[in-house]
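*Asks:* just coords:
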């Protein structure tokens, strides 16, 4: 049965789970991998997931084949360098790689945001894309914390020695403003990053996510 003229079809008529749904699933998988596997194995698995994630984002954003392959090649090189620095226990060099990965996460987020801004109707795929952006904010700050901590051992205070997953955990605790207090930023840079993440996370939830969900199944204004 066709919809009457002038009547907005229900949201499920616009469902498009094959665009940003896989991107969201890959991001969640990368977080689970970081928690479940030992550090070295988690790094390798995260590198593979990162490359697959880029290909999924490039497909969802309808990027050309040259850009898809260039991005995958760049991530492969960065991942190889990260593995080499970890194996050699060169933590200062790994910190530089972490900051480069933070920039890569920002690029992926920008590609998703650009694609979402071009969509005229808010669908389930749009919601998945927006939630992916929220997770990417947490990943961006996590990589930034890892990069800073590698250059300054006193960047964070905790009752026990901090590993890479601890800073990933700290990032998402900060993003959601839960604030358990078991890890504390102790220098101006990490304090500024944590405050920025907390504010950005809350603004994103109460403005972007809430607005997109309220428009589910309807044309986007403007």
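*Replies:* Now that the structure is in, tell me what you want to look at. Keep in mind the model is a prediction, meaning the values are calculated, not measured.
*Asks:* Skipping its backbone neighbours, what lies nearest residue 140 in space?
*Replies:* Across the structure, with CB to CB, 6 or more residues apart in numbering as the measure, the residue nearest residue 140 apart from its sequence neighbours is residue 105 (4.5 Å). Every C-beta, even on glycine, is put in place using the N, C-alpha and C of the backbone.
*Asks:* wouldn't the one you found be in contact with residue 139 here?
*Replies:* Yes. The pair formed by residue 105 and residue 139 meets the contact definition of CB atoms under 8 Å, at 5.2 Å.
*Asks:* More neighbours: which of those two?
*Replies:* The residue with more neighbours, out of residue 105 and residue 139 and counting by other CB atoms under 10 Å, is residue 139; that gives 26 against 22.
*Asks:* how about the more buried one, secondary structure?
*Replies:* When classified by DSSP: H, G, I helix; E, B strand; the rest coil, residue 139 comes out as helix.
*Asks:* Residue 162 against residue 183, yeah?
*Replies:* Yes. At 6.8 Å, residue 162 and residue 183 qualify as touching, with contact defined as CB under 8 Å.
*Asks:* what mean pLDDT does the host helix or strand of residue 76 have?
*Replies:* Using DSSP states H and E, residue 76 sits within helix 65-87. The average pLDDT within helix 65-87 is 85.
*Asks:* Now the element after the helix or strand harbouring residue 166, going C-ward?
*Replies:* Following DSSP H and E, the helix or strand that holds residue 166 is helix 164-175. For helix 164-175, the following helix or strand on the C-terminal side (DSSP H and E) is strand 183-185.
*Asks:* Name the strands paired with that following strand and say parallel or antiparallel.
*Replies:* Applying DSSP bridges, strand 183-185 is found paired with strand 156-158 (antiparallel).
*Asks:* From the chain's centroid, how far away is the strand it pairs with?
*Replies:* 24 Å (CA atoms, centre = their mean, to the nearest Å).
*Asks:* Can you tell me what sits against that strand?
*Replies:* Contacts with strand 156-158, where a contact means CB atoms under 8 Å, 6 or more residues apart in numbering, come from 145, 149, 162, 166-167, 170, 182-186, 190.
*Asks:* Turn those into TSV, columns for distance to residue 212, neighbour count and pLDDT.
*Replies:* TSV is the format used below for the contacts of strand 156-158 (distance: CB to CB, whole Å; neighbours: other CB atoms under 10 Å; pLDDT from 0 to 100):
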residue	distance to residue 212	neighbour count	pLDDT
145	28	29	95
149	34	23	92
162	35	19	86
166	32	19	90
167	29	23	92
170	27	26	95
182	33	13	90
183	31	23	93
184	34	13	94
185	31	20	95
186	36	13	95
190	31	23	96
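*Asks:* so what's the backbone phi/psi at the closest residue to residue 67 other than its chain neighbours?
*Replies:* Among residues not flanking residue 67 along the chain, residue 58 sits closest, at 6.4 Å (CB to CB, 6+ apart). Dihedral pair for residue 58: phi -60, psi -40, per degrees, to the nearest 10.
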